[in-house]
Each structure stands twice: as structure tokens, then as C-alpha cells.
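>>> What follows is a predicted protein model with its sequence.
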2 protein chains.
Amino acid sequence: MQEPTFLILTALAAEPTHGYGVIRAVEHLSQGEVVLRPGTLYGALDRLTEQGLVEVDREEAVDGRLRRYYRLTEPGAAALAAQVKRLRRNANAAEARLRIAFGGAR
Amino acid sequence: MQEPTFLILTALAAEPTHGYGVIRAVEHLSQGEVVLRPGTLYGALDRLTEQGLVEVDREEAVDGRLRRYYRLTEPGAAALAAQVKRLRRNANAAEARLRIAFGGAR
DNA sequence: CCCGATACTACGGTTGACGTTATATATCGC
DNA sequence: GCGATATATAACGTCAACCGTAGTATCGGG
């Protein structure tokens, strides 16, 4: 799982959110480092829906514009939690090894 | 940066290692979850060399077979350290948000 | 009245990982 | 001495995922 996908799931973990709201949430979560393009977001949303990790919560018409709210499913939450563990393990492994050769030499 | 690339840099962080050694190191680091195919490894190594994140340490002829040792450069170590921070931030953000909706409901 | 923000759709391009196959040699079992 | 296995690198082609851009549409601010 790549970073944009991970952050989209993270954005949806708190509460159901519509597409544009996900873009803002991800930007905020990543402190401005990750700004999703529409192509990335809606492509990922379609893929994640197909995989059962997210699902459409509801659709609202606000001022004539359609808002489609997505929600994290139970399998989606499980997948996200598993990925969190994986990221932690990788981060810890890298940090430990960096210290061996580059930590003492600094 | 994707997971295979991250783990290759991590494998090289401790000491210069040759191609096959990287495959074994990554498998060990990821507890068997990531097994690099030759195509993935040498493609990544070439790309990382071009980007200046790794470089050829030395070449040895062992039993008639060439062994090319790769080494993590300073910029490579910096990139890896930056990525560690990023992974940690993402993992923490996801965990905090998972607790909001899925932590209490369990 | 145009511009920017909101909100979604559509299409094409590129990167990086993946899978497979090929090559070569050393060692070990049979 | 012959094939199987392990070591080690190279060279394909393919595919998923992300990226960029543009298009449609509504609303409010200057």
C-alpha cells in the first residue's frame, strides 16, 4: 500500500467524508506534503470500494453540487491497522541500521 | 518512496552488501513478508545509483562469479532518515484516527 | 463579471514494482 | 560425471498506481 492510499484510509477513519474533504484532510494530515490530485483520489476511491475497504456512506446535494460521502469499512480499518504495524516495523529497522554506520560517524 | 526501495536502502545502511545479500537482508528485515525478485532489486539498484542514494563500493570475483557491493551514500542516509520520520508521522496519524471511530467501538 | 473555491469526471502519461527467463559457476548428492 | 541446488547478475515485458491536465458546474467575493 502506497502513501496516498494509506492517507486516504486514514482520513476516512475518523468519520465519513466526501471526496474534496478527503483531499483537504490528507493535506492537513501530511502537513502539506501530500496534495492529492483528483485523478489520484477518485481512482483510489474506486479501487478501495472494489476491494471492500471503503464504501459509499451517502450522497448529498449541497447547492446543486453532488457530495458523495465515503466510509471506512471494518476490513478497511483492519487493513489500515495492519499497515500501521508494518510502517512502524520498517521505521524501527531502518533507524536501528542507520545508527550502526551513520549514527556514530556523525 | 515505496517499501521495496526503502528496505533496500535499509539493508545497505549497516554495511556494503552485494545483490544477493540484499535480497536475504530484506527478507530477514521484513520477517519474510518482502521477498525481492531479481528484476525488482537490480532495477531499484540502478535507479538509486543514478539518483546518488547508493553507489558501487567495490567489485569482487568470488569463485569466478562477480560480486558487486553497493554502499549507502550520505544523501542516501539522509533520504532514508527523512523517510523514517515520514513513516512515523503517518503511522501515528492513522492510529490516532482509528481510535476515534474503531478504538472505542471494539 | 470574472476569479477562486468547491466538487466531481475523464483521459492520457510515467514511474516503479513485478514476473519470467536467461546466463554462469560452484558444490553436493547420486 | 551428471543433474539438482544455491549464488549472482542481466534483460526482457507487463501492470498497478499515481500524476497532470482539462472539463463541467455552482456559488460567493471583489
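Received it, and whenever you're ready, just let me know what you need.

>>> can we go C-alpha only for contacts and neighbour counts from here?
OK.

>>> Please find the angle between the direction vectors of the lengthiest helix in chain A and helix B:74-98.
Counting residues, the longest helix found in chain A (DSSP state H) is helix A:74-98. Here helix A:74-98 runs at an angle of 150 degrees relative to helix B:74-98 (axes from the mean of the first three to the mean of the last three C-alpha atoms, to 10 degrees).

>>> Any residue of helix A:74-98 touching chain B?
Yes. Shown here: helix A:74-98 in contact with chain B (C-alpha under 8 Å from any C-alpha of the partner chain) through A:77, A:80-81, A:84-85, A:87-95, A:97-98.

>>> Tell me, how many residues neighbour the residue of chain A found nearest DNA strand D?
Closest residue of chain A to DNA strand D, C-alpha to the nearest atom of the strand: A:Gly39 (3.4 Å). When neighbours are counted by other C-alpha atoms under 10 Å in any protein chain shown, A:Gly39 registers 9.

>>> if you go through chain A in chain order, where are the helices?
Using DSSP H, helices in chain A cover A:3-14, A:19-29, A:38-50, A:74-98.

>>> between those, which one is nearest to A:Ala61?
Proximity to A:Ala61 (C-alpha to C-alpha) singles out helix A:19-29 among these, at 13.5 Å.

>>> where does chain A come near DNA strand C, residue by residue?
Residues of chain A lying near DNA strand C by C-alpha under 7 Å from any atom of the strand: A:18-21, A:38-39, A:42, A:62, A:65-69.

>>> So which of these is the closest to B:Leu53?
Each of the residues of chain A next to DNA strand C was scored against B:Leu53 by C-alpha to C-alpha, and A:Gly39 proved nearest at 29.9 Å.

>>> burial of the nearest residue to A:Thr10 once chain neighbours are set aside, as a residue count?
In space, A:Thr10 comes closest to B:Ala94 once its chain neighbours are excluded; the distance is 5.0 Å by C-alpha to C-alpha, 6 or more residues apart in numbering or on different chains. When neighbours are defined as other C-alpha under 10 Å, B:Ala94 has 26 of them.

>>> Flag every residue of chain A that's near chain B.
A:2, A:7, A:10-11, A:13-15, A:29-30, A:77, A:80-81, A:84-85, A:87-95, A:97-98, A:100-102.

>>> Quick one: buried ones out of those?
A:7, A:10-11, A:13-15, A:29-30, A:77, A:80-81, A:84, A:87-91, A:93-95, A:97-98, A:101-102 (16 or more other C-alpha atoms under 10 Å in any protein chain shown).
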